[in-house]
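Visitor: 3D, please:
(2 chains)
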Amino acid sequence: MIYSEPKFLPGGDRFVLIEFGNEMNLELNFMAQGLATAIVEQKTKGIVETAPCFASLLVHYDPDQIPFRELQKEMMALIRALGPSDDIVLDSRLFYLPTMYRDPWTRACVEDYCNKITKKELDPEFIARVNGLADADQFVRVHSGTEYWVASLGFWPGLPFMMALDPRCVITAPKYNPPRTWTPQGTVGMGGASTAIYPVATPGGYQIFARTPVPIWDTEKRFPVFHDSIVLFRAGDRVKFVPIGKEEFEFIEAKVKERTYIYNVIEYQKFSVRNYKAWVNILDNSKRF
Amino acid sequence: MIEVIKPGLETSIQDYPGRIGYWAQGFPPSGPMDSWSFRLANLLVGNPADAAGLECQFVGPTLKFNAAMVLAICGADMKPTLDSKPVPMWESIAVAAGQTLALSFTTLGARAYIAVAGGIDTPPWLGSRSTFHKAGVGGMEGHALKTGQMVPVGKGEGKPGRKVKPEARPILATDRVWTVEVVPGPNDDWIDDVGHERFLSSDWKLSSKSDRTGFRLEGPQWTFTPKATNKAPEHGSEPSNIIDQGYPVGAINLCGQTPIILVNDGPSMGGFINPYTVPSASFWKLGQAKPAEILRFKSVSVEEAQALRRKIDGVCSESSVL
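Guide: Next comes the predicted model:
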């Protein structure tokens, strides 16, 4: 549900978690990002930084500059001034990300998990089955059929938590139990209704089914797209996975290695919640790609 | 330059307050775990509070100086010696070119801090020199010091013989039991009354599987309110699962039944509840607690936690130096 009044949950002496609701719902993330934007625009005194998440916004503040009660008052005023979420318009870049679905590397990783930890159905087939899709091919069509909304970054620096914007492509998947001890760099996976990309090889709990050769973080800033940040994404970006085959994967991998890969980013668009909702309303959600 | 003869168990370059402003991208603050001792060490050698120094964990390093310097050691007692002769802690000392400083096993506390006049002068990364081991960034090549490395030092003029007043030093527990303040929240309403009472009245053993990302605690079971069990499926199946949310630094993060205090290098978000948060003023106790020692938790309000922080900030000032 979406709360009628957001909850202010203290996190020690210098953090507060502002919770807008208790479900995974794009609307709640729009509110979190809308408030984060308003805080930056209003230059609210004493706010050190904010971090949006699916249904909440974490605010890091300096208690010497603003007491908790006053902070709460200021935040409520900003939230009221935001008005209905329909009015929220956010800067939103669009990234085209070449991605090989059902690739050999995530498959080898799942097989390793089956051999060493516990047997499980291969992830693409499993997700297709639990979502009532015809087969893994349809899963690929559905998963790659939508733009994804970057709701937040975290768990690992630069790791995007994303949600499908096209309701016809919304699918869900339970997490691994127990988690994997490793995941290949660039793996695309999902857990719950969230899709993520693993920036580096780390343990993980999402179902995995694809891999991108394109780096999403770069501590050496080898590509111009990283000139003002070493992580590729920020909250409010959109990502479109472009399915590619193994040959194309290896071609791009070589381009990345010689530092000549050109990132495909669209930077002229804004995301209007009102326009988005109007579009969603005319779709026939009973049909899948 | 300072030459690393022996690196110690985990000696890393840190600055205070660390890498601030990148939480939304998933970068933690890093920085010294006991910032009280760290700031006093900087103060003794005449550095600004944000100058970079060394954090030494459990076993300290052996360092050789290629120039005369003024330094100070605060925090855990690792029996420091200069050319094999004992040197005082909580006091600025002069070292000559060619001398060797050696820190050994800690006898009291877990982390010692070495500040050098002028500060450690490695290149800052995202605005801070602090080492973030897990991602291999900051500090010297992104990791703890290694044998043979030459650590650059900035220009500075420290005075030897400056001492921290005894009453301005953190009291490192000698009975291996620490009382750590906690503020309820953000997710305290997921735990039932019995669960809260049990958390606040039990001894929690600090697990050896702890590091700068998280301090694992061993203790009794947790019990939950209906909120933890009757919830939308996207929260996850375990009672401690919640829709991914931002984590405050210091959150006591409940993974299944295991509480993990998320400390300086911890994750910025995830899908577990945080029933309590350790406030910044109590971090020095975490920084000085050793594995197998006991933590007891005392609930305080947001305002009390903020008052504690102001008190320590006041102590970390020139008025504490003799």
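Visitor: What values do phi and psi take at whichever residue of the stretch 151-289 of chain A sits closest to chain B?
Guide: Closest to chain B within the stretch 151-289 of chain A is residue A:154: 3.4 Å, counting by C-beta to the nearest C-beta. In this view, the C-beta of every residue, glycine as well, is placed from N, C-alpha and C. Backbone geometry at residue A:154, expressed as degrees, to the nearest 10, gives phi 170, psi -160.
Visitor: shouldn't it be in contact with residue A:53?
Guide: Yes. Assessed by C-beta atoms under 8 Å, residue A:154 is found in contact with residue A:53 at 7.4 Å.
Visitor: which residues do the two both contact?
Guide: A:161, B:244, B:246, B:269 (C-beta atoms under 8 Å, 6 or more residues apart in numbering or on different chains).
Visitor: What parts of the stretch 201-322 of chain B come near chain A?
Guide: Listed as neighbours of chain A in the stretch 201-322 of chain B under the rule C-beta under 8 Å from any C-beta of the partner chain: B:231-237, B:243-251, B:267-270, B:274, B:277-281, B:302-303, B:305-306, B:308-310, B:313.
Visitor: Mark which of the residues you listed are buried, thanks.
Guide: B:231, B:234-236, B:243-251, B:267-270, B:274, B:277-281, B:302, B:305-306, B:308-309, B:313 (16 or more other C-beta atoms under 10 Å in any protein chain shown).
Visitor: returning to that earlier point: out of the shared contacts of residue A:154 and residue A:53, who's nearest residue B:151?
Guide: Nearest to residue B:151 among the shared contacts of residue A:154 and residue A:53 is residue B:269, at 33.6 Å by C-beta to C-beta.
Visitor: dump the residue contacts of the closest residue to that closest one other than its chain neighbours.
Guide: Counting by C-beta to C-beta, 6 or more residues apart in numbering or on different chains, residue A:154 is the residue found nearest to residue B:269 once chain neighbours are left out, at 3.4 Å. Going by C-beta under 8 Å, 6+ apart, residue A:154 touches A:51, A:53, A:161, B:26, B:244, B:246, B:267, B:268, B:269, B:270.
Visitor: which strands and helices sit next to the one helix or strand the fifth one maps to?
Guide: Of the helices and strands defined by DSSP states H and E, residue B:244 is found in strand B:241-246. Under the contact criterion of 3 or more C-beta pairs under 8 Å, 6 or more residues apart in numbering or on different chains; DSSP states H and E, strand B:241-246 touches strand A:15-21, strand A:56-61, strand B:269-277.
Visitor: And those strands: which comes nearest residue B:152?
Guide: strand A:56-61 (31.0 Å).
Visitor: Over that closest one, what's the mean pLDDT, rounded is fine.
Guide: The pLDDT scores in strand A:56-61 average 98.
Visitor: now stretch B:31-50
Guide: The model assigns stretch B:31-50 a mean pLDDT of 96.
Visitor: buried set for it?
Guide: Buried, per 16+ other C-beta under 10 Å, within stretch B:31-50: B:31-47, B:49.
Visitor: ok now do residue 67, which residues does it touch?
Guide: You didn't say which chain, so I picked chain A. Per C-beta under 8 Å, 6+ apart, neighbours of residue A:67: B:303, B:306.
Visitor: not quite, I wanted chain B
Guide: With C-beta under 8 Å, 6+ apart, residue B:67 has these contacts: B:1, B:97, B:153.
Visitor: Which of the helices or strands spans residue B:28?
Guide: With DSSP H and E as criterion, residue B:28 is part of no helix or strand.
Visitor: Would you map the strands across the stretch 101-250 of chain B?
Guide: Secondary structure of the stretch 101-250 of chain B (DSSP state E, counting those that start in this stretch): strands at B:108-116, B:150-151, B:177-184, B:204-206, B:214-218, B:241-246.
Visitor: Around the residue in the stretch 51-200 of chain A positioned nearest to chain B, count how many other residues there are.
Guide: Nearest residue of the stretch 51-200 of chain A to chain B, counting by C-beta to the nearest C-beta: residue A:58, 2.8 Å away. Using other C-beta atoms under 10 Å in any protein chain shown, residue A:58 has 29 other residues around it.
Visitor: got the buried residues for the helix-or-strand element of chain A with minimal mean pLDDT?
Guide: Ranked by mean pLDDT, DSSP states H and E, the helix or strand of chain A with the weakest confidence is strand A:89-91, at a mean of 91. Residues of strand A:89-91 classed as buried: residue A:90 (neighbour count, 16+ other C-beta under 10 Å).
Visitor: That one - contacts with which helices or strands?
Guide: helix A:26-42, strand A:270-272.
Visitor: Could you identify the helix or strand that succeeds that strand?
Guide: Trace forward from strand A:89-91 with DSSP H and E and the next one is strand A:94-101.
Visitor: Direction included, what does that next one pair up with?
Guide: Strand A:94-101 pairs in its sheet with strand A:207-211 (antiparallel), strand A:238-243 (parallel), strand A:264-266 (antiparallel), by DSSP bridges.
Visitor: Please write out the alpha-carbon positions of the next helix or strand after it in PDB.
Guide: Once the chain leaves strand A:94-101, the next helix or strand it forms, by DSSP H and E, is helix A:104-116. What follows is helix A:104-116 as a C-alpha-only set of coordinates in PDB (Å, rounded to 0.1, in the frame of the first residue of the first chain):
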ATOM      1  CA  PRO A 104      27.400 -19.700 -21.800                       C
ATOM      2  CA  TRP A 105      28.900 -17.900 -18.800                       C
ATOM      3  CA  THR A 106      25.900 -17.600 -16.600                       C
ATOM      4  CA  ARG A 107      24.900 -21.100 -17.600                       C
ATOM      5  CA  ALA A 108      28.300 -22.400 -16.400                       C
ATOM      6  CA  CYS A 109      27.800 -20.500 -13.200                       C
ATOM      7  CA  VAL A 110      24.400 -22.100 -12.600                       C
ATOM      8  CA  GLU A 111      25.800 -25.500 -13.400                       C
ATOM      9  CA  ASP A 112      28.700 -25.000 -11.000                       C
ATOM     10  CA  TYR A 113      26.100 -24.100  -8.300                       C
ATOM     11  CA  CYS A 114      24.100 -27.300  -9.100                       C
ATOM     12  CA  ASN A 115      27.300 -29.400  -8.800                       C
ATOM     13  CA  LYS A 116      28.700 -27.800  -5.700                       C
END
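Visitor: what does the stretch 1-150 of chain B have sitting close to chain A?
Guide: Checking the stretch 1-150 of chain B against chain A by C-beta under 8 Å from any C-beta, the hits are B:20, B:21, B:22, B:23, B:24, B:25, B:26, B:27, B:126, B:135, B:136, B:137.
Visitor: one more time with 6 Å
Guide: The stretch 1-150 of chain B comes close to chain A at residues B:21, B:23, B:24, B:25, B:26, B:27, B:135, B:137, as judged by C-beta under 6 Å from any C-beta of the partner chain.
Visitor: and stretch A:103-112, which residues are buried?
Guide: So, applying 16+ other C-beta under 10 Å, buried residues of stretch A:103-112: A:103, A:105, A:106, A:107, A:109, A:110.
Visitor: follow-up on the earlier one: for the least confident helix or strand of chain A, which strands pair with it and how are they oriented?
Guide: Counting by DSSP bridges, strand A:89-91 is paired with strand A:270-272 (antiparallel).
Visitor: What average pLDDT does the strand it pairs with get?
Guide: On average, strand A:270-272 scores 95.
Visitor: same check, this time on stretch B:133-150
Guide: On average, stretch B:133-150 scores 95.
Visitor: all helices for the stretch 151-300 of chain B, in order.
Guide: With DSSP state H, counting those that start in this stretch as the criterion, the stretch 151-300 of chain B has helices at B:193-201, B:226-229, B:283-288.
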